[in-house]
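1. here's a sequence, model it:
(chains A and B)
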Amino acid sequence: MIKSPILQSLVSSRDDITHNQEAVNTFRGKEQEILYLLKRCNDVDEFKQIHARFIKLSFLCSSSFSASSVLAKCAHSGWDNSMNYAASIFRGFDDPCTFDFNTMIRGYVNETCFEEALCVYSEMIERGIEPDHFTYPFLLKACTRLKSIREGKQIHGHVFKLGLDDDVFVQNSLISMYGRCGEMELSSAVFEKLEFKTAASWSSMVSARAAMGMWSECLMLFREMCREKDLKVEESGLVSALSACANTGALNLGRSIHGFLLRNISKLNIAVHTSLVDMYVKCGCLEKALHIFKKMESRNNLTYSAMISGLALHGEGEAALRMFSEMIQEGLESDHVVYVSVLNACSHSGLVKEGRQVFKEMLKEGKVEPTAEHYGCLVDLLGRAGLLEEALETIHSMPIEQNDVVWRSFLSSCRVHQNVELGQIAARELLKLASHNTGDYLLISNMYSQAGMWDDVARARTEIATKGLKQTPGFSIVEVKGKTHRFVSQDRSHPRCKEIYKMLNQMEWQLKFE
DNA sequence: TTAGGGTTAG
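-> Here you go, the predicted model:
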């Protein structure tokens, strides 16, 4: 029983056709109509049935154009297993053209099957099909995601040989590929050679630095970009810059970008809003972040995880849990990042019961596979609350590999709660996993010194010295009234150092009292 | 058919 009107129309067209020239002519006339219907079809089963009819009819006469269109429709549909089906169509082609190879590469990249995309490209080269300027942006994206710099460089060579190195899309893809693979000099070299630097070229440079966590370089480039005349600054570059502001505490610049966005873009999209929320939250303006969040027309998981982790950062664990409930009520499904944010919020607000419950529900639902991050949060939650035995049991119950972070978190809790016996277990496991980490030896040494075990302190310190390890002091940055202040651990160089440490002592005392 | 964007443990 065929319910679909589209299929009914096709069946009647097939019934009319007989194996003669008249039928062929009829089909030729129908071909465009079939392609039109195929393009409009939104359902995988419907597509498969139409495709089956298409095959039956097309042995009479089919243009490679039609076949390529069918393949493209399938490869870019986003349906479940669409690429498997697309591959079966593709394998049926005797002489796939450049467009067909591009379709397959693009399809695989969109489905995050990057290695498959590279394999299709290899086959393309082996079969002597010449790539074009559409091939490389997709392919370079695959290299970027795989961090395959070796393949990326080889492909750059092909681009050069084929004379496609003057295509602006290919150039920008190269900038992005090199930048995100950590090859900043090569990325800049491609950028500097550009005859016309477009908004996307700048954006590729800025966002690659943001993706690598090079926040100050990112902002430097962003400022340079803003000085360019006749350049229409687009949202993507601004989003990366906002991310850099968030991570460096550059509130003033973040505010300016927000102002620029409001003045120049009529309707801000969800990504821009999310980065604004994140920027305000990380720069200390929780209320402003909440205001933007509440005014948003629609929100997704990324928006919620930014807001939930923001609330956690500000010590608002219960509000973070309420936000999580709202997200579920809004019909969104929690993903692994949101769970990390929620568990983290519980951990930092001492919400042990709630955190346990969230973790239990996550396992019960089974939609999100627990990762080391989730276990890390749970161990941290239990450890901070002094439930060291339960934290240790949690580590032992992990169905995945225990990593250094989990043991470090547990060790830290053992130190805080002065349990040297369990701390020694953690220290042993940690040193097995991550050697040459100065911070770990210091953590171990501090634990022993608190317990007055001076021989063990000396052993840990000797270990640091004999291994020649050096510790980079940690720091935090805050911007107050347009001025950036950096607080480096143990730093005494500030002119008002005495007052700062007096205030810190006072705060510590008050916290202990509370 | 093509480039560039947001969230996450310790």
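2. DNA strand B contacts on the stretch 151-300 of chain A?
-> Listed as neighbours of DNA strand B in the stretch 151-300 of chain A under the rule Cβ under 7 Å from any atom of the strand: A:167-170, A:172-173, A:176, A:198-201, A:203-204, A:207-208, A:210-211, A:234-237, A:239-240, A:242-243, A:246, A:269-275, A:278, A:300. Yep, even glycine has a C-beta here, placed from its N, CA and C like the rest.
3. narrow those residues to those that are buried.
-> Buried by 16 or more other Cβ atoms under 10 Å: A:167, A:170, A:172-173, A:176, A:198-201, A:203-204, A:207-208, A:210-211, A:235-237, A:239-240, A:242-243, A:246, A:272-275, A:278, A:300, out of these.
4. from those, which land in helices?
-> A:170, A:172-173, A:176, A:199-201, A:203-204, A:207-208, A:210-211, A:235-237, A:239-240, A:242-243, A:246, A:272-275, A:278 (DSSP state H).
5. wait, isn't A:Val233 in contact with A:Cys226?
-> Yes. Counting by Cβ atoms under 8 Å, A:Val233 does reach A:Cys226; the two are 6.9 Å apart.
6. the two: which has the busier surroundings?
-> A:Val233 (20 against 16; other Cβ atoms under 10 Å).
7. contacting residues for the nearest residue to that one once chain neighbours are set aside?
-> Closest residue to A:Val233 apart from its sequence neighbours, by Cβ to Cβ, 6 or more residues apart in numbering: A:Ala199 at 6.4 Å. A:Ala199 is in contact with A:Leu231, A:Lys232, A:Val233, A:Glu234, A:Gly237, counting by Cβ atoms under 8 Å, 6 or more residues apart in numbering.
8. okay, now the first one: neighbour count?
-> This means A:Leu231. Close neighbours of A:Leu231, defined as other Cβ under 10 Å, add up to 15.
9. from A:Ala189, how far off is the nearest residue to it once chain neighbours are set aside?
-> Nearest residue to A:Leu231, sequence neighbours excluded (Cβ to Cβ, 6+ apart): A:Ala199, at 6.0 Å. According to Cβ to Cβ, to the nearest Å, A:Ala199 and A:Ala189 sit 20 Å apart.
10. circling back to that earlier point, look up how far A:Arg322 lies from the residue nearest to A:Val233.
-> Taking Cβ to Cβ, one finds A:Ala199 at 40 Å from A:Arg322.
11. swap in A:Ala250?
-> According to Cβ to Cβ, A:Ala250 and A:Arg322 sit 30 Å apart.
12. so which of those two has more stuff around it?
-> Between A:Ala250 and A:Arg322, A:Ala250 has the larger neighbour count (other Cβ under 10 Å), namely 24 against 13.
13. sec struct for the residue nearest to that one when sequence neighbours are not counted, please.
-> Once flanking residues are discounted, A:Ala250 sits nearest to A:Glu479: 6.1 Å by Cβ to Cβ, 6+ apart. On the three-state scheme (DSSP: H, G, I helix; E, B strand; the rest coil), A:Glu479 is labelled strand.
14. name the nearest residue to the residue nearest the centre of chain A, ignoring sequence neighbours.
-> In chain A, the centroid-proximal residue (Cα atoms, centre = their mean) is A:Ala211; its distance is 8.9 Å. Spatially, and ignoring its direct neighbours in sequence, A:Ala211 is nearest to A:Arg180 (5.3 Å; Cβ to Cβ, 6+ apart).
15. swap in A:Lys141?
-> A:Lys141 sits nearest to A:Val109 (Cβ to Cβ, 6+ apart), 5.4 Å away.
16. my guess is the one you found is in a strand, correct?
-> No. According to three-state DSSP, A:Val109 belongs to no strand; its state is helix.
17. and the pLDDT at it?
-> In the prediction, the pLDDT value recorded for A:Val109 is 94.
18. which residue does the stretch 251-400 of chain A have closest to DNA strand B?
-> In the stretch 251-400 of chain A, the residue that lies nearest DNA strand B is A:Gly376 (2.1 Å; Cβ to the nearest atom of the strand).
19. thought that residue was touching A:Ser409?
-> Yes. When contacts are counted by Cβ under 8 Å, A:Gly376 is listed as touching A:Ser409 (5.9 Å).
20. count of residues packed around A:Ser298?
-> Look at A:Ser298: counted by other Cβ under 10 Å, it has 9 neighbours.
21. with adjacent residues omitted, what lies nearest to it?
-> With Cβ to Cβ, 6+ apart as the criterion, A:Ser298 has its nearest non-adjacent residue at 6.4 Å, and that residue is A:Ile270.
22. quick one: residues contacting that neighbour.
-> A:Met296, A:Ser298, A:Arg299, A:Asn300, A:Leu302, A:Thr303.
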